[in-house]
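Novice: can you look at this prediction? I've put the sequence above it.
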Amino acid sequence: MGSRYNRLGIFGGTFNPIHMGHLRLAEDVREEFFLDMILFFPAARPPHKEMDVWVDPVHRLRMVEIATESNEHFICDPFEVERGGVSYTIDTVKYVYEKYNPETKPFLIIGSDLIPGLGTWKSVDMLLKMVNFIVINRDGYPFEGMNKDIIMQSSYYLYSKRKIDITSSEIRERLKSRRSIRYLVTDEVFRYIIENELYT
């Protein structure tokens, strides 16, 4: 059994690469919902998303580690990358219960773009009982038109106080065309990308 935490946020994704938008959003959500810790889980291979630019998961994991290490309320957990294969959310949530022993249901942070397909997720009925959802407004998937039938079975919260206009795809495209990505990622992530010649 690991240390007990009261309120945990789970933030998964490809983080290809992690950028300032991810970090600012996580900090906003942590403060808004009084979370003790945000757990970042870089995916080895996401089940619902094709990666148009493949970067070794070890590189993506390392970038999340160096981007989050200065924040005492952020933890980068290597569980999904070390396990390998497809990263199913239910498996990660079970792992969070086992390792972190939370005192209350963890808060799963997802974009509103994922809600329409939520019914296809592995063991979704179990997942709904194990987490609270924090749904982030994403362009093209407004809350007003969101089908909430599935997550109505769980506790969910909508969050749209900050609009993040940075995307990983923009960063990859800028690197490919040899344009600057400074101030879109942390200095440490910037150096890591350049030193390892990623996305070029």
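Specialist: Cool, the structure landed.
Novice: neighbours of Glu82, how many?
Specialist: For Glu82, the tally of surrounding residues (other C-beta atoms under 10 Å) stands at 11. Glycine gets a C-beta too; all of them are placed from N, C-alpha and C.
Novice: so which strand or helix has it?
Specialist: Assigned by DSSP states H and E, Glu82 falls within helix 79-83.
Novice: quick one: contacts of the lowest-mean-pLDDT helix or strand in the chain?
Specialist: Taking mean pLDDT, DSSP states H and E as the measure, the chain has strand 156-159 as its least confident helix or strand, at a mean of 85. For strand 156-159, contacts defined as C-beta atoms under 8 Å, 6 or more residues apart in numbering pick out 28-29, 32-33, 107, 132-137, 143, 148.
Novice: out of those, which sit inside helices?
Specialist: Asp28, Val29, Glu32 (DSSP state H).
Novice: who wins for neighbours among the residues you listed?
Specialist: If you count neighbours using other C-beta under 10 Å, the busiest of the ones in helices among the contacts of strand 156-159 is Val29, which has 21 neighbours.
Novice: and it, what does it touch?
Specialist: With C-beta under 8 Å, 6+ apart, Val29 has these contacts: Gly9, Leu35, Ile38, Phe107, Ile109, Ile134, Ile136, Tyr159.
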